[in-house]
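# Pasting a predicted model and its sequence here:
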2 protein chains.
Amino acid sequence: MTDKERYLDELQHFLRIPSISTDPAHQPDIACAAVFLRDKLKRAGLRNAGLIEGCGNPLVYAEWLDAPGKPTLLLYGHYDVQPPDPLDEWISPPFEPTIRGENIYARGAADDKGLTLILINAVEKLLHQHGRLPVNVKFLIEGEEESGGRHIEEYVAAKPERIRADAAIISDTEMFAPELPTICVGLRGIVYGELHVEGAEQDLHSGVYGGAAPNPIQAIAEILCALKDRDGHIHIPGLYDRVQPPSEDERCAWAKLPFDVEEYRTKEVKVRALTGEPEVTLFERLWARPTLEVHGIRGGFTGEGAKTVIAARAVAKLSMRLVADQRPDEAVSQLEAALKDVCPRGVAAEFRTLHSAPPSLVSTDSRYIRAAAIAMTEVFGNETVYTRSGGSIPIVGLFDRYLGIPSVMMGFGLPDDNLHSPNEKLFLPNFYRGIDAVARYLELLG
Amino acid sequence: MTDKERYLDELQHFLRIPSISTDPAHQPDIACAAVFLRDKLKRAGLRNAGLIEGCGNPLVYAEWLDAPGKPTLLLYGHYDVQPPDPLDEWISPPFEPTIRGENIYARGAADDKGLTLILINAVEKLLHQHGRLPVNVKFLIEGEEESGGRHIEEYVAAKPERIRADAAIISDTEMFAPELPTICVGLRGIVYGELHVEGAEQDLHSGVYGGAAPNPIQAIAEILCALKDRDGHIHIPGLYDRVQPPSEDERCAWAKLPFDVEEYRTKEVKVRALTGEPEVTLFERLWARPTLEVHGIRGGFTGEGAKTVIAARAVAKLSMRLVADQRPDEAVSQLEAALKDVCPRGVAAEFRTLHSAPPSLVSTDSRYIRAAAIAMTEVFGNETVYTRSGGSIPIVGLFDRYLGIPSVMMGFGLPDDNLHSPNEKLFLPNFYRGIDAVARYLELLG
């Protein structure tokens, strides 16, 4: 059996374990997936491989620290997967990995079992070839990424010394396009909360009181419109003050990305028109500008038919996406101050934060980023591009906050990998090239 | 037993029947209440008393038509009641009528069993005294007023000849204040519908697409704010064109109503501030101005916690209250046209009407109104006031549409009667004076 055959064999084994973290019925599979990884890490030649039990699904840890004077890297992945439904849309069963063409189809193929194995196989490859590594490594692999579990957060906060490192490598992102090696250098942060608006003490009859009684849902509409205009400009004083425009290098790089905006609009977003700040380019709007978004409004009558009620109170779910160098706490204060200014007559409005995460941005000048770009360019044969993501990866914020280290997001998935959807897949050539690229990266850093 | 004792005895009997029309378990009670009324009408000396069976709960009909050359009046009431819950807030059980002080407490006491019996007792009183009536009368009493049933609507539409009359008397409203005889001469109409707004084909991740994807809930907010400003002015072109300002007489009358706006704000509406068009007086805002009100917004995420979704579509429940001489169909067209103008980029918006009712307004110069005012003034010893109601009573629109007759709304309930709430009551002196006032009214018309 060649190395490649063994890599594939192990990947298939891993993918057969239905380690769905959102479903308690799959707890035995969660344990099974964690044990699989621990044993794989042992076989790979890592030391102190074991499970860290805690308040949720176990963390899998392993290390190799015999390169004194060399950097220490923290390698992150997750072994849990999304639920596979709707099942009837899968061409082959989600937990029976099936190869069609150059892709392997299974739940977790790309998110994140395949990519986690890339990191382990890269280390294994170097250990088998040289009996040692050019750098120090610590693996920390979690089993609650898809279920919002707190285990890793509590662990990172409680034991920062145990996982101290110079940089983290996170392989849970994707390449911008096939054959285009991609490093994600920025993530937006988020403040998510509820806007509570109260009018009368009790629901009112809209016939009897309409024309004199404040309407909390109308008030929410007025607040939303006062805080953001139709062109997507947010009118929260001070909110843009810390926003760092992308560097000229990044702007040039984004302009050169292979991208068809009409195809994006019609095939990916599927909308009549794209919106947002008209004077800002699309990638900057998605990656480097804050947003204010309403996710839903609760209150009043929404059932079938008609009810002529003026709601006593209503709650809107709101989020602000934040970009470097915005700070969640400051953004909340700014929102609260703006709210005071725009709150309509007759109602009281209050914002209550549910959770927040800071934005992150790593300079493309960082040695950890540059080495990753060189390694990926060598292996894929194309210039590595730098992108950002509009979403948030909480682990990046955790590593930044508790360890003070940058995260290098090397992506090996593809945009059509169907993450969280039926027929999730991994492009197998990327699986093998990813192993080579990460191995090369460690060599370059060593 | 005096007449008064008998009136009270019958009222108590009627109130013991839990004729809740919204609960199918109470169908036998519905039948029982209808039969009670039919027998009461027979005993009162009316002719052709009987139940009209149809698509829903029976209508109760009776007539006395032996006054040739005299006007014919259609007397309306309803024998069904609202559900009594929350039961634990009742001081005495809702279907065990209990007298405390000068009030009788029971579900349906004011709405509308007591007021329906006022009409029948007034006719009975005249028939017993004189053996005949000064006018012709037809009773039409329904059992689905609280459940939105269609029986009476279908009947009025199908058999207008059978109930042809010169005016209708509706005793289902209240006096503006104790001791203040009140006739309601105007009702607002309504258009109730749903505003459907569609953005992307599927829900989107607010991190990945926020800043470029249209948000249907934000779009609804923008539409609501474009259609109505913070001062309650509706910006739907043409909507105010047919709005008739109240006559100088009505304005003067309203200004003289005993009313404390601070008490209304703090004790009745219970709000921080009253809202609406600042240059329009409160009664005019409530009774003689159209409104645009949002009742609820469905779509997106409203559960516990956080979900970073941009909804694909959202639906707002909206109503417009209309005043004389606005027309529901025209108002819908005006709303639809305005919607086209204000619909934000990237979404499609459509209004779908669920139901509508025209406004109604009877001139205080009508002989049927004037006679009612004189009769009530005589009996109550205070000048009768004219008010309107901001709500809609569909039966008034039906009588107007199919019979072309005005409705005289003589109110004998009081503002604190707790309609639709626990501890509903009827002020017994008004029960007896109401009988006298209606009898006097029929004499004046004869």
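Happy to help now that I have it.
# and the residue found closest to A:G346 once you drop the neighbours it is linked to in the chain, what is it in contact with?
Nearest non-adjacent residue to A:G346, counting by Cβ to Cβ, 6 or more residues apart in numbering or on different chains: A:P214, 3.1 Å away. Any C-beta I mention is one placed from the backbone N, CA and C, and that applies to glycine too. By Cβ atoms under 8 Å, 6 or more residues apart in numbering or on different chains, the residues touching A:P214 are A:G199, A:A200, A:P344, A:R345, A:G346, A:V347, B:V271, B:R272, B:A273, B:L274, B:T275.
# Please apply the same query to A:L87.
Contacts of A:L87 (Cβ under 8 Å, 6+ apart): A:P94, A:P422.
# State the distance from it to A:F14.
20 Å (Cβ to Cβ, to the nearest Å).
# on that earlier part again, out of the contacts of A:P214, which are buried?
A:G199, A:A200, A:P344, A:R345, A:G346, A:V347, B:V271, B:R272, B:L274, B:T275 (16 or more other Cβ atoms under 10 Å in any protein chain shown).
# Looking at the residues you listed, spot the one nearest A:L361.
A:P344 (36.9 Å; Cβ to Cβ).
# Can you verify my assumption that the closest one contacts A:I220?
No. Using Cβ atoms under 8 Å, A:P344 is not in contact with A:I220; the gap is 9.3 Å.
# Measure how buried A:C55 is and give me the count.
Counted with other Cβ atoms under 10 Å in any protein chain shown, the neighbours of A:C55 add up to 11.
# And the helices in chain A?
For chain A, the helices defined by DSSP state H occupy A:3-15, A:27-43, A:114-130, A:151-158, A:206-209, A:216-227, A:248-256, A:261-263, A:282-287, A:328-342, A:367-380, A:394-398, A:428-445.
# Could you list the domains of chain A?
Structural domains assigned to chain A are A:3-187+A:359-445, A:189-243+A:290-357, following automatic domain parsing.
# quick one: which of those domains is nearest B:L8?
Between the domains of chain A, domain A:189-243+A:290-357 lies closest to B:L8; by Cβ to Cβ that is 30.1 Å.
# Now do the end-to-end distance for that closest one.
Start-to-end span of domain A:189-243+A:290-357 (Cα to Cα, to the nearest Å) is 5 Å.
# what sits against A:G397?
Per Cβ under 8 Å, 6+ apart, neighbours of A:G397: A:L187, A:G189, A:A357, A:P358, A:S360.
# Looking at these, which are in strands?
A:L187, A:G189, A:A357, A:S360 (DSSP state E).
# Out of those residues, which is nearest to chain B?
Chain B lies nearest to A:L187 out of the ones in strands among the contacts of A:G397, by Cβ to the nearest Cβ, at 8.5 Å.
# contacting residues around whichever residue of the stretch 301-446 of chain A sits closest to chain B?
Using Cβ to the nearest Cβ, the closest approach of the stretch 301-446 of chain A to chain B is made by A:G391 at 2.9 Å. Residues near A:G391 by Cβ under 8 Å, 6+ apart: A:L187, A:R188, B:H205, B:G207, B:V208, B:T308.
# try A:A62
A:A62 neighbours (Cβ under 8 Å, 6+ apart): A:R38, A:L41, A:K42, A:A44, A:L46, A:R47, A:N48, A:A49, A:G50, A:K138, A:F139.
# How about the residues of the stretch 101-250 of chain A by chain B?
Residues of the stretch 101-250 of chain A found near chain B (Cβ under 8 Å from any Cβ of the partner chain) are A:188, A:190, A:192, A:199-202, A:204-215, A:217-218, A:220-222, A:224-225, A:228, A:230, A:232.
# Which of the residues you listed are buried? Put it as a ChimeraX command.
Per 16+ other Cβ under 10 Å, the buried members of these correspond to this ChimeraX selection:
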select /A:188,190,192,199,200,204,206,207,208,209,210,211,212,213,214,215,217,218,220,221,222,224,225,228,232
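# picking up where we left off before, reformat the contacts of A:P214 as a markdown table; add pLDDT and distance to B:S407.
Formatted as a markdown table, those follow (pLDDT from 0 to 100; distance: Cβ to Cβ, whole Å):
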| residue | pLDDT | distance to B:S407 |
| --- | --- | --- |
| A:G199 | 96 | 33 |
| A:A200 | 94 | 30 |
| A:P344 | 98 | 37 |
| A:R345 | 96 | 36 |
| A:G346 | 97 | 34 |
| A:V347 | 98 | 36 |
| B:V271 | 96 | 32 |
| B:R272 | 97 | 37 |
| B:A273 | 97 | 35 |
| B:L274 | 98 | 29 |
| B:T275 | 98 | 31 |
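# picking up where we left off before, and the contacts of A:G391, which is closest to A:S366?
In terms of Cβ to Cβ, no member of the contacts of A:G391 lies closer to A:S366 than A:L187, at 15.0 Å.
# Next, count neighbours for the closest one.
Neighbour number of A:L187 under other Cβ under 10 Å is 30.
# One more: A:I91?
Neighbours of A:I91 (other Cβ under 10 Å): 9.
# can you check A:T266 too?
Neighbours around A:T266, by other Cβ under 10 Å: 13.
# again, but for A:S366
Neighbours of A:S366 using other Cβ under 10 Å come to 14.
# And for the residue positioned nearest the centre of chain A, nearest residue in space, chain neighbours not counted?
Geometric centre of chain A, nearest residue: A:I393, 3.4 Å, by Cα atoms, centre = their mean. In space, not counting the residues next to it along the chain, A:I393 is nearest to A:L187; the distance is 5.6 Å by Cβ to Cβ, 6+ apart.
# Please list all residues in contact with the one you found.
By Cβ under 8 Å, 6+ apart, the contact list for A:L187 reads A:P359, A:S360, A:L361, A:R388, A:S389, A:G391, A:S392, A:I393, A:V396, A:G397.
# same question, A:Q12
A:Q12 neighbours (Cβ under 8 Å, 6+ apart): A:P97, A:I104.
# at 10 Å what do you get?
A:E96, A:P97, A:T98, A:I99, A:I104, A:A106, A:A109 (Cβ atoms under 10 Å, 6 or more residues apart in numbering or on different chains).
# Next: A:A316.
A:193-197, A:216-217, A:219-221, A:223-224, A:294-299, A:349, A:351, B:217, B:221, B:297, B:300, B:302.
# Any figure for the gap between it and B:G300?
9 Å.
# so how far is the least confident helix or strand in chain A by mean pLDDT off the chain centroid?
Every helix and strand of chain A was ranked by mean pLDDT, DSSP states H and E. The lowest is helix A:394-398, at a mean of 88. Distance of helix A:394-398 from its chain centroid, counting by Cα atoms, centre = their mean, to the nearest Å, is 9 Å.
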